[in-house]
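# Structure for this input, please:
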Amino acid sequence: MRLRADHTQITSAAKAGLSVATGRRTENDSRPPSAKRQRRAYRTRPDPLAGLWDEEVVPMLRAAPGLRPISLFDELARRHPDRVGSSFRRTLERRVAEWKALHGGDRDVMFRQVQQPGRMGLSDFTDANDLGIIVAGRPLDHRLYHFTLACSGFEHVEVVLGGESFAALASGLERALRLLGGAPREHRSDSLSAAFRNLARSDAADLTRRFAALVVHFGMLPTRNNRGVAHENGAIERRHGHGRKRIAQALLLRGSNRFDDLDAYRAFVAEVVGQHNRRHAAMIEAERALLRPLPAEPAMTWDEMTVRVSSASGFMCRHVFYTVPSRLVGHRLHLRIHDDHIEAFLGGSFLLTVPRRRRPHGAGAVHVVDYHHVIAALRAKPGALANLAYRDALWPRAAYRRAWDALVEAVGAREAGRTMVALLALVHDRGVEADLAAAIDAALHAGERPDLTLLRRCFTPATTVAPQVTVILPPLAAYDRLIVVAGMTDAGLAP
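Purely as a prediction, here's the structure:
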């Protein structure tokens, strides 16, 4: 009414958030609602559920209280297509909600918990493909390992390339606790296959020996929520969504979801999580003082396997072929399988580290090849390159694959194999992988195929001839003269 003094009725109603009809009615009768006569409860239109509610809907709800209003609506529309319309649904939903509140069964109750400092830490995995991360020009299929303290909110997140494996769980938990500087009394997770055998057994017999040994190593009690009851792990489930939102917001501020390599993306995630922990620094420091001290020795955070190196100068590990130096053919190697790399040992001696790859479901063979391992054998058998099983994985850069295709089209596979083996040997001997790739790209861009002679001349240092040095030997009598001069000098006489 104060607005009505300066504005029209329509404008005043709009500014007050009222409809025009309500504004007109209020202006015509300015008494407060308490002073007005309340209308008696009576129906202003016929009940659309008359003859259906007590006769059909209630019996169905009594027989199956879990029926949803939309299911009842569809069933009534099937039985009475002439009576059930679009306006019928809202009335049915309201009436069903009222019936369930009065006559329905008990519902599940969430009991809010008081978290004690230093008592519980939680681990879980969450899918992160919805972030749309691009690494080195390719979409990154990955998960995030997430650890948190239930009380203070400390969080640690790691990028996981494979599934929910024991190696990913163990390494993530190890790094989280080392970063935290202590361990809580209890570790909670859901039914992770990395930690539990999800079979119909009691929980005590369900723990895997490796996971039990891991948590005992840190002095924690392993627990888990009941299968299929995710809200029992709610202290971390809720934070999954918050964590992904923080990363998504940071990506928007960054202006791009593309990263040059995996390390750059991991550093980005660590910075986002670090900002969250800094906001809770006071609570985290208070809880850190109540954590149990960590053991000095690191935990075993990897899977183990023993393989034999085949005559192809490689070994199979979980459906993926990896090459090693040919001098290891016939030897047995002990492998430590981590989430993103594999360490190979001969006895107790460390040999090398190779990046870990995984074969997608239904895909063909996957090869992890280092041309340095097999170049000596290829020099002796260059013809083997034409039909080599892992030829496509042999090229260190895309330029070499394009060079192979151009040479095969121009001179055939046999001659192309000789040229490419010679180019790989040049790269191996001179360490010019990137420079040679740039030169190959330049030649292909100019419409020419790689010229082996020209490339060798460019990347092989020119041989120089040693200078001719003439040495003139003095006569021995000259040394006698030096002896006489030295003697006179010692005696204080002028020579």
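# I'd like to know the phi and psi angles of residue 160, please.
phi -120, psi 120 (degrees, to the nearest 10).
# So, low pLDDT: which residues of the stretch 101-250 of the chain?
Applying pLDDT under 70 to the stretch 101-250 of the chain flags residues 191-208, 225-235.
# Please, where are all the helices along it?
166-180, 203-206, 209-217, 234-254 (DSSP state H, counting those that start in this stretch).
# Mind giving me the packing neighbours of the next helix or strand after the last one?
Once helix 234-254 ends, the next helix or strand along the chain (criterion: DSSP states H and E) is strand 258-259. Using 3 or more Cβ pairs under 8 Å, 6 or more residues apart in numbering; DSSP states H and E as the contact criterion, the elements in contact with strand 258-259 are strand 134-135. For glycine as for every other residue, the C-beta is placed from the backbone atoms N, C-alpha and C.
# Tell me the strands beside the strand it packs on, with direction?
Next to strand 134-135 in the sheet, as set by DSSP bridges, lie strand 138-139 (antiparallel), strand 258-259 (parallel).
# which residues are contacting the first one?
Read that as strand 138-139. Under the contact criterion Cβ atoms under 8 Å, 6 or more residues apart in numbering, strand 138-139 has outside partners 129, 132-133.
# one more time with 10 Å
Strand 138-139 has contacts (Cβ atoms under 10 Å, 6 or more residues apart in numbering) with 129, 132-133, 257.
# Which of those lies at the shortest distance from residue 162?
Minimum distance to residue 162 across the contacts of strand 138-139 is 13.4 Å, recorded for residue 129 (Cβ to Cβ).
# close enough to count as contact, that closest one and residue 142?
Yes. Taking Cβ atoms under 10 Å as the definition, residue 129 is a contact partner of residue 142 at 7.1 Å.
# Which of the two has more residues huddled nearby?
Per other Cβ atoms under 10 Å, whichever of residue 129 and residue 142 has more neighbours is residue 142, with 17 against 11.
# Poorly predicted segments of the stretch 251-400 of the chain, please.
Along the stretch 251-400 of the chain, no part satisfies pLDDT under 70.
# related to what we said a few turns ago, can you redo the strands paired with strand 134-135 as CSV with distance to residue 281?
Formatted as CSV, the strands paired with strand 134-135 follow (distance: least, Cβ to Cβ, whole Å):
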stretch, distance to residue 281
strand 138-139, 35
strand 258-259, 28
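# So which of those strands is the most surrounded?
With neighbours defined as mean count of other Cβ atoms under 10 Å, the strands paired with strand 134-135 peak in mean count at strand 258-259, which reaches a mean of 16.
# Columns mean neighbour count and distance to residue 447 on top of the helices of the stretch 101-250 of the chain, output as CSV?
Formatted as CSV, the helices of the stretch 101-250 of the chain follow (neighbours: other Cβ atoms under 10 Å; distance: least, Cβ to Cβ, whole Å):
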stretch, mean neighbour count, distance to residue 447
helix 166-180, 21, 48
helix 203-206, 11, 65
helix 209-217, 16, 58
helix 234-254, 15, 39
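# Residue 105: which of those is closest?
helix 234-254 (23.1 Å).
# out of the contacts of strand 138-139, which are buried?
133, 257 (16 or more other Cβ atoms under 10 Å).
# quick one: which of the contacts of strand 138-139 is nearest to residue 169?
residue 129 (19.3 Å).
# Now do the closest one against residue 433, distance only.
32 Å (Cβ to Cβ, to the nearest Å).
# same question, residue 180
Residue 180 is 41 Å from residue 433, by Cβ to Cβ.
# Same question for residue 118.
Applying Cβ to Cβ, the value for residue 118 to residue 433 is 52 Å.
# Give me the phi and psi for residue 337.
Backbone dihedrals for residue 337, given as degrees, to the nearest 10, come out at phi -100, psi 110.
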